[in-house]
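Q: Predicted model follows, preceded by the sequence.
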Amino acid sequence: MAHQTVDSFPIQEQRLTMSYEEFLDWADDIHAEWVNGEVIVFMPPKTIHQQLSGFLYYLIVSYVRFFNLGEVITAPFEMRVLPGRASREPDLLFVAREHLDRLTPERLEGAADLVVELISDSSVARDRDDKFYEYQEAGVREYWIIDPRPGKERADFYHLTPQRKYQAVLPDADGRYHSAVLPGFWLNPEWMWQDPLPNPLTLLATIAPQLL
């Protein structure tokens, strides 16, 4: 069994040693990830993280459902990205319709087509390094790394090349980032730094007028 237990939300990120099977028995309703025999238990997210996560979810899920592109799921939900090595809980993931056989009632068995991670103070190296290479190896076709922390606002977008390497993609001349796996979908990263965040319905009318 685990070498220690957590009775409530941790006051700081904690790491526990346990097998993947023990992790499955133990981690119900806890936001945690399993990597190489170690469980990472996360601190509760901050307000800015949850506000931006909800904004992106509403924007993307409305587009995906209208065009019947697949499924969008938010954390906590397990993506068994590298079986036997890493099981992650992305802030937001999209599974394309042709890959819905990977989606089970319990988890996503394999790679999502799009993963969005929102950086927190404790997750910088994990999101930009560990997960970057895991998602690349597993074949996540598109990876967004969003840093909403005050004074550090930054958005990085990566597409998987035919050589299975991530390539950074810059916004176009109008400042719009165009998704590779959501046909016709784009967003302006500046939207994410506004306070308050813009109304997603207004933005959807700009992205896809036919949706409304």
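A: Everything's here; your move. Only a predicted model underlies this, so the values are computations on that prediction, with no experimental measurement involved.

Q: Just to check, Gly139 is in contact with Arg164?
A: Yes. Using CB atoms under 8 Å, Gly139 is in contact with Arg164, at 6.8 Å. C-beta coordinates here come from the backbone N, C-alpha and C atoms, glycine included.

Q: do you know how far Ala112 is from Phe77?
A: 10 Å (CB to CB, to the nearest Å).

Q: More neighbours: these two, which one.
A: Neighbour count, other CB atoms under 10 Å: between Ala112 and Phe77, Ala112 has more, with 31 against 16.

Q: Kindly indicate whether the residue nearest to that one when sequence neighbours are not counted is helix, strand or coil.
A: By the measure of CB to CB, 6 or more residues apart in numbering, the closest residue to Ala112 outside its immediate chain neighbours is Leu93, 3.9 Å from it. Put simply, Leu93 is strand when judged by DSSP: H, G, I helix; E, B strand; the rest coil.

Q: what are the bridge partners for Leu93, then?
A: Ile73, Val115 (DSSP bridges).

Q: check contacts around it.
A: Contacts for Leu93 (CB atoms under 8 Å, 6 or more residues apart in numbering) come out as Val72, Ile73, Thr74, Phe77, Met79, Leu108, Ala112, Leu114, Val115, Val116.

Q: how about low-confidence regions in the chain?
A: Applying pLDDT under 70 to the chain picks out residues 1-12, 29, 212.

Q: the helices in it, which residues?
A: Taking DSSP state H as the test, the helices found in the chain are 20-26, 47-66, 124-125, 131-138, 200-207.

Q: what does the third one rub up against?
A: Put plainly, it is helix 124-125. Contact with helix 124-125 is made by Asp147, as judged by CB under 8 Å, 6+ apart.

Q: Check the gap between Leu206 and Pro198 for me.
A: Check again: residue 206 is Thr, not Leu. Plainly put, Thr206 is 10 Å away from Pro198 if you go by CB to CB.

Q: follow-up on the earlier one: could the helices of the chain go into JSON lines alongside mean neighbour count?
A: Converted to JSON lines, the helices of the chain look like this (neighbours: other CB atoms under 10 Å):
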{"stretch": "helix 20-26", "mean neighbour count": "15"}
{"stretch": "helix 47-66", "mean neighbour count": "17"}
{"stretch": "helix 124-125", "mean neighbour count": "12"}
{"stretch": "helix 131-138", "mean neighbour count": "19"}
{"stretch": "helix 200-207", "mean neighbour count": "15"}
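
Q: Redo the ones you listed as TSV? Include distance to Val169.
A: Listed next are the helices of the chain as TSV, based on distance: least, CB to CB, whole Å:
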stretch	distance to Val169
helix 20-26	34
helix 47-66	17
helix 124-125	21
helix 131-138	14
helix 200-207	17
